[in-house]
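Trainee: sequence-free structure coming up:
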């Protein structure tokens, strides 16, 4: 996205809710308040929640609303600082040094300074975000809980001061403050030092009306009756006593994919057979697919007032 055409930060929480809805993201007021404050206070926002509740999608939607480029740092076990911040182009540096030797250069200190110029620097996501031109970028540090504790410690300087230290260059400060979102599936607890540098929001599964709005927006081919059935069925799957039968409840992405599949199958009314045939879209674990039995599907498809 062209930063010259960047959109201003929405002037109110309600305006932010509407702007996010315009790009297909339906945020409740608590979430919109957290995002609004993160934008106004220029603080990182840490989003925790189960997989599939819309944490990553929020960063994508926010980059569209603000018309800023989205820079993504995908975390994983063993992620190293150089993969997140910068690397030097060692092959190009070596060629430069050999060329200098071939020309008989005796000033090796000068040659060393030359090989640590910007043109030999490979920028990774953190450095890209810090050096993005005004008004800045949206940086998504995704699934930070999958990285290890030393990497968390490495992030503290960036999160607290929007700057990083590079030994060969010095301190690099943000050209324009990046909008920074961190996501965590809470596979482990993050260090308090990380949390203190961020605003915090727990993102839960959407309530029925919000999930219904998402399905309507993302699957326009679904009839109103089918969209309602999808939202109600998935909502009840996540509730007690049914949720105890599964290792992981379906997320919003699974709700949308299931609705698309039902449309593709020309489904008019969801029945136990259709549920059984398409369970692999709702669940990604064999045990969870097996746990969604026909008898359970019958119970889930009953009207809510018939549960007693």
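Mentor: Yep, that arrived. Not measured: the values here are computed from a predicted model.
Trainee: hey, let's count contacts and neighbours off CA atoms from now on
Mentor: OK.
Trainee: Show me the shaky parts of the stretch 201-308 of the chain.
Mentor: Scanning the stretch 201-308 of the chain with the threshold set as pLDDT under 70 gives 304-308.
Trainee: Can you pull out the low-pLDDT segments for the stretch 51-200 of the chain?
Mentor: In the stretch 51-200 of the chain, residues with pLDDT under 70: 93, 101-102, 104-109, 113.
Trainee: cutoff 80 now
Mentor: Along the stretch 51-200 of the chain, segments meeting pLDDT under 80 span 89-93, 95-120.
Trainee: quick one, phi psi at residue 223?
Mentor: Here is the backbone geometry of residue 223 (degrees, to the nearest 10): phi -70, psi 160.
Trainee: neighbours around it, how many?
Mentor: 15 (other CA atoms under 10 Å).
Trainee: just residue 124 next, same as before
Mentor: By other CA under 10 Å, the residues close to residue 124 number 18.
Trainee: which ones are touching it?
Mentor: Counting by CA atoms under 8 Å, 6 or more residues apart in numbering, residue 124 touches 82, 83, 84, 85, 86, 87.
Trainee: mind running it again at 6 Å?
Mentor: Neighbouring residues of residue 124 by CA atoms under 6 Å, 6 or more residues apart in numbering: 84, 85, 86.
Trainee: show me the contacts for the second one.
Mentor: If you count contacts by CA under 6 Å, 6+ apart, residue 85 has them with 124, 126, 127.
Trainee: related to what we said a few turns ago, any idea which of the contacts of residue 124 is closest to residue 184?
Mentor: In terms of CA to CA, no member of the contacts of residue 124 lies closer to residue 184 than residue 84, at 17.0 Å.
Trainee: Just give the number of residues close to that closest one.
Mentor: For residue 84, using other CA under 10 Å, the count is 22.
Trainee: Kindly report the same for residue 231.
Mentor: Neighbour tally, residue 231, other CA under 10 Å: 26.
Trainee: doesn't it fall inside a helix?
Mentor: Yes - under DSSP: H, G, I helix; E, B strand; the rest coil, residue 231 sits within a helix.
Trainee: hang on, the earlier thing: please flag which of the contacts of residue 85 sit within helices.
Mentor: Among those, DSSP state H puts 126, 127 in helices.
Trainee: Work out which residue lies at the spatial centre of this protein.
Mentor: The geometric centre of the chain, computed from its C-alpha atoms, lies nearest to residue 56 (CA atoms, centre = their mean), at 1.9 Å.
Trainee: any idea whether it is helix, strand or coil?
Mentor: Assigned with three-state DSSP, residue 56 falls in the helix class.
Trainee: I'm done for today, thanks for sticking with me.
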